[in-house]
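In: Here you go, sequence then predicted model.
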Amino acid sequence: MSQAADILHLCTSKGLRLTAAESCTGGMVAAALTDLPGSSASFERGFVTYTNTAKTEMLGVSPATLAAHGAVSEQVAREMALGALTNSDTHIAVSITGIAGPGGSEFKPEGRVCFGLAVRTPSAIEECSTETIEFGALGRDQVRLAARNHALSLLSRAASAF
């Protein structure tokens, strides 16, 4: 069974619903989950917010946060995950924002990806954690694939902890 199938099976058995807010992966997490039959039992929706405008309009990411930290930051990943949770009927939201390449800068190199994981607990309290992974200059396709796989791992761990 694939990682996505395992996640869906676990979420279905626990009555959990998922969402993903994606930037550099462009919907790859949503695609991995919805490629499987029966995914609608657990995957509620996905947000592809490739631009800052989309992040603001669809997820409520603050323009001030974007201006202060840039789109590729844990602060934006946090607001994306919380925005996805707020704008869906789900228990777990993952967010991804990064620089798949080519390119990058001295301060934000190619392969840097920030993740957010927001969880709505049974008491309706929202918890959110963030992290940054430096995948390195693996090339656009490989960075995106690595980011997708890491996001799926985050979803799996969160669902297991419920």
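Out: That came through, no problem.
In: going forward, measure contacts and count neighbours with C-alpha atoms only.
Out: Will do.
In: So which other helices or strands are in contact with the longest helix along the chain?
Out: Using DSSP state H, we find that the single longest helix of the chain is helix 140-161. Taking 3 or more CA pairs under 8 Å, 6 or more residues apart in numbering; DSSP states H and E as contact, the helices and strands that helix 140-161 lies on are helix 3-14, helix 28-34, strand 92-98, strand 112-120.
In: Mind listing what's buried along stretch 106-120?
Out: 108-120 (16 or more other CA atoms under 10 Å).
In: What are the contacting residues of the longest helix of the chain?
Out: Helix 140-161 is touched from outside by 3-4, 6-7, 10-11, 16, 24-25, 28-29, 92-96, 100-102, 111, 113, 115, 117, 119, 135-137, with contacts defined as CA atoms under 8 Å, 6 or more residues apart in numbering.
In: Could you check the helix or strand bottoming out on mean pLDDT in the chain and say which residues are buried?
Out: Per-element confidence for the chain was summarised using mean pLDDT, DSSP states H and E. The lowest value among helices and strands belongs to strand 126-134, with a mean of 93. Residues 128, 130, 132, 134 are the ones in strand 126-134 that count as buried (16+ other CA under 10 Å).
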